[in-house]
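# this one's structure only:
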């Protein structure tokens with residue numbers, strides 16, 4: 001018996017998952033098991049694991065079970081396939097252990113015809129969306145499950161769902177906190193939050209200069225005066241005080257290398273991806289902080 005299993009999750013606010021399975025038997029591919037399940041507060045991983053377990057239970061109850069030697073569980077999630085055959089970790093551990101217990105019980109099933117060898121349950125990964133008919137059937141069942149009405153005795157929330165929900169809630173609250181409590185320098189530059197900040201791709205030296213310009217903590221006259229640094233140089237070699245934005249206005253910097261930002265204002269240079277990239281390239285050409293506005 002070949003049993004295809006799959007999981008799916010809606011992309012709406014509820015993010016309900018669905019488990020689906022489809023099995024066929026014999027050379028003529030007679031349908032032997034088909035079904036789906038609605039799984040609120042589950043991730044796709046959890047739905048995949050549940051589909052494998054519920055599909056195997058359906059194989060036990062199928063009319064072909066007494067005449068079936070081996071059951072082949074075919075799914076397109078490599079991580080679930082590995083955990084079904086090994087030590088479960090993370091989410092859905094109880095479901096995976098229940099699957100393994102059921103798989104171990106297959107050879108000793110009570111309804112097996114005496115002429116049929118005990119057989120085994122085999123788990124095999126297959127590529128998804130590759131035109132495999134059984135996989136497409138299981139995928140359709142999983143989507144039906146996600147769109148269907150949950151049962152009254154729905155399984156409890158899974159760890160994977162709780163973990164994702166907690167991360168999303170933390171991010172939402174952090175964004176609200178930042179909107180109210182961001183330092184004034186960051187507010188003036190309209191620097192928000194990004195899970196993958198583009199500036200982290202900058203070389204370390206440029207990133208340091210950028211963060212100093214954002215925060216005002218660096219080799220700047222006001223910073224040195226604030227903390228009483230007496231052995232520091234407060235002016236650029238051009239004669240003007242060092243400030244976070246001085247690189248933008250320094251005439252010696254202009255002379256050393258034409259600045260590439262055209263009509264863009266300094267705040268756009270410091271916050272936009274193209275601006276920070278141009279800043280890095282200009283610093284490399286002009287050697288601004290090494291020869292023109294150095295610390296010593």
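Arrived safely. This one's a predicted model, so the numbers in the text were calculated from it and none came from an experiment. Residues are numbered from 1 along each chain as shown.

# Same question for whichever strand or helix holds residue 73: list its buried residues.
Taking DSSP states H and E as the definition, residue 73 sits inside strand 71-75. Burial within strand 71-75, assessed by neighbour count using 16 or more other C-beta atoms under 10 Å, is assigned to 71, 73, 74, 75. Just so you know, the C-beta spots here come from the backbone N, C-alpha and C atoms, and that holds for glycine as well.

# elements contacting that strand?
Applying 3 or more C-beta pairs under 8 Å, 6 or more residues apart in numbering; DSSP states H and E, one finds that strand 71-75 contacts strand 2-9, helix 44-61, strand 121-125, helix 133-147.

# Now the second one: average pLDDT?
Think helix 44-61. Mean per-residue pLDDT for helix 44-61: 96.

# Grab the most central residue of this structure for me.
Nearest residue to the geometric centre of the chain (C-alpha atoms, centre = their mean): residue 164, 9.3 Å.

# what about it, which SS state?
helix (DSSP: H, G, I helix; E, B strand; the rest coil).

# show me where the protein has helices.
For the chain, the helices defined by DSSP state H occupy 44-61, 78-84, 93-105, 133-147, 159-181, 184-188, 204-215, 221-226, 246-249, 251-256, 266-271, 273-286.

# Please work out which of these is packed deepest.
Each of these was scored by mean neighbour count; the highest is helix 44-61, a mean of 25, by mean count of other C-beta atoms under 10 Å.

# any idea how far the closest residue to residue 291 other than its chain neighbours is from residue 270?
Nearest non-adjacent residue to residue 291, counting by C-beta to C-beta, 6 or more residues apart in numbering: residue 256, 7.7 Å away. Residue 256 sits 20 Å away from residue 270, taking C-beta to C-beta, to the nearest Å as the criterion.

# likewise residue 98?
55 Å.

# what does residue 263 give?
With C-beta to C-beta as the criterion, residue 263 and residue 270 are 15 Å apart.

# before we move on, the earlier item: now the buried residues of strand 71-75 in CSV, with pLDDT and distance to residue 111?
Output for these, formatted as CSV (pLDDT from 0 to 100; distance: C-beta to C-beta, whole Å):
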residue, pLDDT, distance to residue 111
71, 96, 14
73, 97, 19
74, 96, 23
75, 96, 25
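
# Nearest to residue 46 among those residues?
Residue 46 lies nearest to residue 75 out of these, by C-beta to C-beta, at 13.2 Å.

# Now do the same contact list for the closest one.
Contacts here follow C-beta atoms under 8 Å, 6 or more residues apart in numbering; on that basis residue 75 touches 4, 5, 6, 48, 51, 52, 81, 123, 124, 125, 126, 138.

# how about 7 Å then?
By C-beta atoms under 7 Å, 6 or more residues apart in numbering, residue 75 lies in contact with 5, 6, 48, 52, 81, 125, 126.

# again with residue 244
Contacts were defined as C-beta under 7 Å, 6+ apart; by that measure residue 244 touches 212, 213, 216, 220.

# what do you get if the cut-off is 10 Å, keeping everything else the same?
Residue 244 makes contact with 185, 189, 209, 212-220, 222-223, 266, 270 under the criterion C-beta atoms under 10 Å, 6 or more residues apart in numbering.

# And residue 6, by the same measure?
Neighbouring residues of residue 6 by C-beta under 10 Å, 6+ apart: 18-22, 36, 44, 47-48, 51-52, 55, 74-77, 128, 134-143, 145.

# so what are the domain limits for the chain?
In terms of domains, the chain is parsed into 2-162, 186-292 (source: automatic domain parsing).

# Tabulate the helices and strands packed on strand 71-75 (a markdown table), appending distance to residue 236.
Putting the helices and strands packed on strand 71-75 into a markdown table (distance: least, C-beta to C-beta, whole Å) gives the following:
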| stretch | distance to residue 236 |
| --- | --- |
| strand 2-9 | 56 |
| helix 44-61 | 56 |
| strand 121-125 | 62 |
| helix 133-147 | 62 |
